[in-house]
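1. Could you work out the structure for the sequence below:
(one chain, ligands or ions: 1)
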Amino acid sequence: MHKEKPQCAKCPQVLCDPEIAVEQKPSFEKAPRFCPSKLKQDVIQRALHEYDKENIREFARLASVQEFQCYEHVPGGIRTKIPRIEETIQFAQKNGFSKLGLAFCIGLSGEARMVTEIFENNGFEVVSVCCKVGATPKESIGIKKEEKISGPEWHESMCNPIAQAEILNSEKVDFVVLMGLCVGHDTLFIKYCKMPITVLAVKDRVTGHNPLAAVYLSHSYYERLRGKATV
Ligand code: SF4
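-> Next comes the predicted model:
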């Protein structure tokens, strides 16, 4: 028998966020077959138990309070209020974090300097580590000389997300902010970092670090992303 898999991204109704009064109960009767609110009730219940842990519950509560504070009610309705960097600062303050770790890509060194200044001016201590820390040659992980970006004849330092994570672990920072790590390097960083992590920015070399720009254009200039001919 074909086993349904969760496919929220294809949902026509989004019944999990219904516009109903507080005393009414959400219903999934009309939800699609692939709805995980129906298919995965046991997993959802198990996940909910995690919030019984006091520290997790408080962290989740503060995240939702922060989410609320990113909007304001005005006569015309609801509108957004603060950019993500401010959201990050406010959330860190709410949690009583004082020492922030900034793990950044060398390609965003200028941004790292600006972000550090912003965090410091808001009262945080900042420990920052660049992806190239240690200057270990790429050959040490099996990269061939013809696979080096700057050419075979040059030293090229490998990105070392494990060292970035371990340095921030050793510094016992309260909260880690990721900025611009490559795909895969970020995966390793997240795997090895023991501290709570948030992402301020992800790297996109051609869109000014806005990967959704290419997604928004996937029905026109970036049609090739959908397996269509490029315009
Ligand atoms: S949980 Fe169910 S109702 Fe909500 S988006 Fe997913 S499929 Fe749709």
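2. For the rest of this, base every contact and every neighbour count on C-alpha atoms.
-> Fine.
3. and the protein, what are its domains?
-> Recorded structural domains for the chain (assignment: automatic domain parsing) are 32-81, 95-231.
4. is the ligand contacted by the first one?
-> What it means is domain 32-81. Yes. Counting by CA under 6 Å from any ligand atom, contacts between domain 32-81 and the ligand involve Phe34, Cys35, Pro36, Ser37.
5. So which of those belong to helices?
-> Counting by DSSP state H, the part of the residues of domain 32-81 next to the ligand found in helices is Pro36, Ser37.
6. Turn the residues of domain 32-81 next to the ligand into CSV, columns for neighbour count and pLDDT.
-> Listed next are those as CSV, based on neighbours: other CA atoms under 10 Å; pLDDT from 0 to 100:
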residue, neighbour count, pLDDT
Phe34, 17, 97
Cys35, 21, 97
Pro36, 19, 97
Ser37, 18, 97
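7. related to what we said a few turns ago, please name whichever of the domains of the chain is nearest to Ala21.
-> domain 32-81 (18.1 Å; CA to CA).
8. What is the end-to-end distance of the closest one?
-> 35 Å (CA to CA, to the nearest Å).
9. All further residue positions should be reported with the first residue as 6.
-> From this message on, residue numbering opens at 6, which makes the last subject domain 37-86.
10. these two touch, right, Ser133 and Lys104?
-> No. Using CA atoms under 8 Å, Ser133 is not in contact with Lys104, being 10.6 Å away.
11. rewinding a little: most tightly packed of the domains of the chain?
-> A comparison of the domains of the chain by mean neighbour count, using mean count of other CA atoms under 10 Å, puts domain 100-236 on top with a mean of 16.
12. Quick one: distance of it to the chain centre.
-> Relative to its parent chain, domain 100-236 has a centroid offset of 11 Å by CA atoms, centre = their mean, to the nearest Å.
13. So which of the residues of domain 37-86 next to the ligand is the closest to the ligand?
-> Using CA to the nearest ligand atom, Cys40 comes nearest to the ligand of those, at 3.5 Å.
14. the strands in the protein, which residues?
-> Along the chain, the segments classed as strands by DSSP state E run 76-79, 82-85, 104-109, 130-135, 180-184, 202-206.
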